[in-house]
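1. My questions are about this predicted structure, shown below with the sequence.
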Amino acid sequence: MIQAFGAIAGWLIPGFVAIVLIHGLWRRVDLIAEFVAGAREGLELSLSLFPYLLAIYVAVAAFRLSGALELVGGWLEPLVRTLGVPTAVLPLFLVRPLSGAASSGIVLSLLHQHGPDSFIGRLVSTVQGSSETTLYVLTVYLGAVGVRRSRYALPLCLTVDLIGYVTAVAVAQALWR
């Protein structure tokens with residue numbers, strides 16, 4: 001069964017590309033011109049998003065290198081401990097909305113320290129899968145469409161992240177504690 005899924009998965013993308021090409025030829029579309037136009041639009045979008053992405057990466061680096069991460073973590077540690085959450089997971093809660101790469105690094109470090117089958121390993125895996133890199137996503141999405149006023153988007157998205165964290169902790173505690 002697994003081999004069948006592996007064989008099918010290996011042909012999904014080439015099959016999709018073939019279907020698109022056949023459909024384009026059937027509709028008499030100039031495929032090369034459309035490909036070049038799409039590549040041009042992608043490059044223009046990348047160039048327009050670059051300042052936003054640079055700003056978010058600088059902000060994340062400043063947050064981590066300034067010691068603010070440890071300071072905020074120290075404030076939240078008593079609350080997290082009373083909720084029955086291991087304090088080793090706290091940096092993931094703080095970094096996940098900011099950076100996917102940094103949160104993946106934290107997850108890998110915790111998996112290496114505690115093991116993937118430990119409660120912490122399962123909890124961080126659940127948190128990683130149930131939350132989003134909110135600031136990065138907002139930067140890309142809002143920057144792509146030119147939204148300048150995002151007054152309600154950030155608080156709403158951070159609230160949804162908090163709900164994801166609480167749900168991940170509740171599920172992990174119900175299943176693995």
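-> Sure thing, it's come through. If you're wondering where the values come from, they're calculated on a predicted model, not measured in any experiment.

2. burial count for residue 56?
-> Residue 56 has 20 neighbouring residues, counting by other CB atoms under 10 Å. (C-beta placed from N, C-alpha, C; glycine too.)

3. That one touches residue 136, doesn't it?
-> Yes: Residue 56 lies in contact with residue 136 (CB atoms under 8 Å); the separation is 5.8 Å.

4. Touching both of these two, which residues are there?
-> Among the neighbours of residue 56, those also in contact with residue 136 (CB atoms under 8 Å, 6 or more residues apart in numbering) are residue 98.

5. Below-threshold pLDDT in the protein: ranges please.
-> 1 (pLDDT under 70).

6. The residue of it most remote from its centre: what secondary structure?
-> Going by CA atoms, centre = their mean, the residue of the chain most distant from its centre is residue 28, 38.9 Å out. The local conformation at residue 28, judged by DSSP: H, G, I helix; E, B strand; the rest coil, is coil.

7. try residue 116
-> Classified using three-state DSSP, residue 116 is coil.

8. Tell me the spacing between it and residue 167.
-> 21 Å (CB to CB, to the nearest Å).

9. One more: residue 68?
-> Remark: distance between residue 68 and residue 167 (CB to CB) = 26 Å.

10. do the same with residue 144
-> Distance from residue 144 to residue 167, counting by CB to CB: 29 Å.

11. Next one: residue 148 from residue 142, what distance?
-> Using CB to CB, we find residue 148 at a distance of 8 Å from residue 142.

12. Which one of these two is surrounded by more residues?
-> Shown here are residue 148 and residue 142; by other CB under 10 Å, residue 142 has more neighbours (16 against 6).

13. and whichever helix or strand residue 136 is part of, how far out from the chain's middle?
-> According to DSSP states H and E, residue 136 maps onto helix 134-145. Distance, stretch centre to chain centre, for helix 134-145: 12 Å (CA atoms, centre = their mean, to the nearest Å).

14. What of stretch 71-87?
-> With CA atoms, centre = their mean, you get 23 Å for stretch 71-87.
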